[in-house]
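Trainee: coordinates for the following, if possible.
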Amino acid sequence: MARYTGPKTKIARKFGEAIFGEDKNFEKRNFPPGQHGNARRRGKKSEYATQLMEKQKAKYTYGILERQFSNLFKKASASQGITGEILLQLCESRLDNVVYRMGISNSRSGARQLVSHRHITVNGEIVNVPSYSLKEGDVIAVREKSKSLQAIDDALASNNNVFEWLTWNSDTKSGTFVKAPERLQIPENIKEQLIVELYSK
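Mentor: Residues are numbered from 1 along each chain as shown. Here you go, the predicted model:
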């Protein structure tokens, strides 16, 4: 299986930030993994290494594989506007990410599972493709038979995030993808310009 399923804290430590959300283990050991930990002296990273690191961070954050990410970049490059910003908008417009942003799941991997297991509908139709790209005005909802799932109730109860580009109705357990977010509305700490520079080589 190509998708990374190992310890998330290890990856978070590699990038020096909790990219998968709140992580108590990361807070205790927020230095790179390995035998020598933060005692190891690393030389200055090359420009390429910095750019590659940023791309890897974006891929792990959104749970996207290399080929998918490369295709998203090609799509962003062919679009009018700032390539890096459009790339992040495409990542944010994925169904699994929007399910996570709406608070239906506490993590993107959990959101991906909900979509794959046919618990989510788009405009009234069941969609089980996590990478499905949403368009303005699409209505995302929890399937009628799945509304009683405890995992979904727990996630919604603990969710305090509000995003201007999404609406949510807790009574019907449905929300609307109003539009793709502006760069300032995306909370992820990703330097997208470095990714653009990497692919432009």
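
Trainee: all strands for this structure, in order.
Mentor: Assigned by DSSP state E, the strands in the chain fall at 120-122, 125-126, 138-142, 166-169, 174-177.

Trainee: which of these sits closest to R101?
Mentor: R101 lies closest to strand 166-169 among these, at 6.0 Å (C-beta to C-beta). For glycine as for every other residue, the C-beta is placed from the backbone atoms N, C-alpha and C.

Trainee: now do the buried residues in that closest one.
Mentor: Within strand 166-169, the residues scored as buried using 16 or more other C-beta atoms under 10 Å are 166, 168.

Trainee: same check, this time on stretch 185-195
Mentor: For stretch 185-195, using 16+ other C-beta under 10 Å, the buried residues are 186, 190, 192, 194-195.

Trainee: adding distance to K45, write the strands of the chain out as JSON lines.
Mentor: As requested, the strands of the chain are arranged in JSON lines below (distance: least, C-beta to C-beta, whole Å):
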{"stretch": "strand 120-122", "distance to K45": "40"}
{"stretch": "strand 125-126", "distance to K45": "45"}
{"stretch": "strand 138-142", "distance to K45": "39"}
{"stretch": "strand 166-169", "distance to K45": "36"}
{"stretch": "strand 174-177", "distance to K45": "37"}
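
Trainee: got a markdown table for those strands, with mean pLDDT and distance to S158 too?
Mentor: Compiled in a markdown table, the strands of the chain are given as follows (pLDDT from 0 to 100; distance: least, C-beta to C-beta, whole Å):
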| stretch | mean pLDDT | distance to S158 |
| --- | --- | --- |
| strand 120-122 | 98 | 19 |
| strand 125-126 | 97 | 26 |
| strand 138-142 | 98 | 16 |
| strand 166-169 | 96 | 14 |
| strand 174-177 | 98 | 17 |
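
Trainee: narrow the buried residues of stretch 185-195 to those in helices?
Mentor: Those of the buried residues of stretch 185-195 mapping onto helices are 192, 194-195, per DSSP state H.

Trainee: format these as TSV; extra columns: pLDDT and distance to T121.
Mentor: Below are these laid out as TSV (pLDDT from 0 to 100; distance: C-beta to C-beta, whole Å):
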residue	pLDDT	distance to T121
E192	96	31
L194	96	37
I195	96	32
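
Trainee: and these, which is closest to Q89?
Mentor: E192 (10.1 Å).

Trainee: the closest one is in contact with Q89, isn't it?
Mentor: No: with contacts counted by C-beta atoms under 8 Å, E192 stays clear of Q89, the gap being 10.1 Å.

Trainee: how confident was the prediction at the residue nearest to L95 when sequence neighbours are not counted?
Mentor: Using C-beta to C-beta, 6 or more residues apart in numbering and skipping residues adjacent in sequence, the residue nearest L95 is Y132, 4.1 Å away. You'll see Y132 listed with a pLDDT of 97.

Trainee: quick one: contacts for Y132?
Mentor: When contacts are counted by C-beta atoms under 8 Å, 6 or more residues apart in numbering, Y132 touches 94-95, 115, 122.
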